[in-house]
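> this is the structure alone, sequence omitted:
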């Protein structure tokens, strides 16, 4: 018997998501089903899927239930599981506010990358959302990325998910980014990597393009902007842990602008918009057929 399943569509700086509210973790979402929902021609369309579950109801998040009521069970657009998605956390929080589960102010969200602190500004227009993204972990290993006949050294930055950040002369040097950029050594990223290409726009102001593993080039990547800000600061000789003062970078993405602050204790905050675009329903019968 076919049942009707609710969904919403949202985006953060045009990094867009299918949102599936499922507090009791009752909806089966195998990789093929997620890929079908995220398909831009035959499905709803999105860079990824936000499965909204109470932490206590999900086996991967029960141990976090005393710290965060809600778990962001995030999936890439191809159905694969990802540890974290910075833009996704903002949209996830906006959905919780939209659905009446929370008010503006502070909350905690459980992710596979740990518990993230979120602050929703109190304004009539919805307010920007700030997410505590945790600390960046920089590897000293040499990494290179390449596209066609271009090759660049890259900084290996982990934000709960892996990033390779390359500074380039022109963003067009990254090519079409339909396929994942090559990287070496191959052992550097056994589970794949998000690759950011970065140019300067002004003092503490950069712009980037990104290829996200499992999604291709996206209009924005929240964890990627954090990785880029940290990489730019280190390139510029700035380390808040050494100076004792926070540093803020503005990062332009194809879908808008995010502001990233790294504090002296290493914690990184990302501030930007999040929008719920639409909501509707699909049938379990359609999902089964589309996933086959």
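Received it, and whenever you're ready, just let me know what you need. Quick caveat: nothing in here was measured; it's all calculated off a predicted structure. Residues are numbered from 1 along each chain as shown.

> quick one: contacts for residue 219?
By CB atoms under 8 Å, 6 or more residues apart in numbering, the residues touching residue 219 are 13, 14, 15, 16, 47, 253, 254, 255, 256. Where C-beta positions appear, they are placed from N, C-alpha and C, glycine not excepted.

> pull the most distant pair out of the residues you listed.
Pairwise distances across the contacts of residue 219 (CB to CB) peak at 14.1 Å, for the pair 47 and 256.

> of these two, who's got more company?
Neighbours per residue, other CB atoms under 10 Å: of residue 47 and residue 256, the larger number sits with residue 47, 26 against 17.

> how about that one, what does it touch?
Contacts of residue 47 (CB under 8 Å, 6+ apart): 15, 16, 17, 38, 76, 77, 212, 215, 218, 219.

> the fourth one: how many residues sit nearby?
This means residue 38. Residues near residue 38, counting by other CB under 10 Å: 24.

> going forward, count from 149.
Sure thing, new numbering starts at 149, so read that last one as residue 186.

> quick one: contacts for the nearest residue to it once chain neighbours are set aside?
With CB to CB, 6 or more residues apart in numbering as the criterion, residue 186 has its nearest non-adjacent residue at 4.1 Å, and that residue is residue 225. Neighbouring residues of residue 225 by CB under 8 Å, 6+ apart: 182, 183, 186, 194, 195, 196, 197, 362, 363, 364.

> run the last query once more with 6 Å
186, 195, 196, 363 (CB atoms under 6 Å, 6 or more residues apart in numbering).

> on the pLDDT front, check it for me.
Confidence at residue 225, expressed as pLDDT, is 94.

> next one: it from residue 314, what distance?
According to CB to CB, to the nearest Å, residue 225 and residue 314 sit 23 Å apart.

> next, give phi and psi for residue 150.
phi -80, psi 140 (degrees, to the nearest 10).

> could you do residue 348 as well?
Here residue 348 shows phi and psi, under degrees, to the nearest 10, equal to phi -80, psi 140.

> quick check: chain neighbours aside, which residue is closest to it?
Residue nearest to residue 348 in three dimensions, not counting chain neighbours: residue 354, with 5.7 Å by CB to CB, 6+ apart.

> which residues pair with the one you found across the strands?
Taking DSSP bridges as the rule, residue 354 bridges to residue 348, residue 399.

> go ahead and confirm it touches residue 372.
No - the criterion here is CB atoms under 6 Å, and residue 354 misses it with residue 372 at 11.6 Å.

> out of those two, name the residue with the larger neighbour count.
residue 372 (31 against 22).

> any idea whether that one is helix, strand or coil?
Recorded secondary structure, residue 372: helix (DSSP: H, G, I helix; E, B strand; the rest coil).

> show me where the stretch 199-348 of the chain has helices.
Applying DSSP state H, counting those that start in this stretch to the stretch 199-348 of the chain gives helices spanning 234-246.

> for residue 298, which non-adjacent residue is closest in space?
Spatially, and ignoring its direct neighbours in sequence, residue 298 is nearest to residue 321 (5.3 Å; CB to CB, 6+ apart).

> ok, the one you found to residue 198 distance?
For residue 321, the distance to residue 198 (CB to CB) stands at 32 Å.

> again with residue 275
Residue 275 sits 19 Å away from residue 198, taking CB to CB as the criterion.

> these two: which is more packed in?
residue 198 (24 against 16).

> any idea of the angle the helix or strand that contains that one forms with helix 234-246?
Taking DSSP states H and E as the criterion, residue 198 maps to strand 196-202. Strand 196-202 runs at 50 degrees relative to helix 234-246, counting by axes from the mean of the first three to the mean of the last three CA atoms, to 10 degrees.

> list the helices and strands strand 196-202 packs on?
strand 163-169, strand 218-224 (3 or more CB pairs under 6 Å, 6 or more residues apart in numbering; DSSP states H and E).
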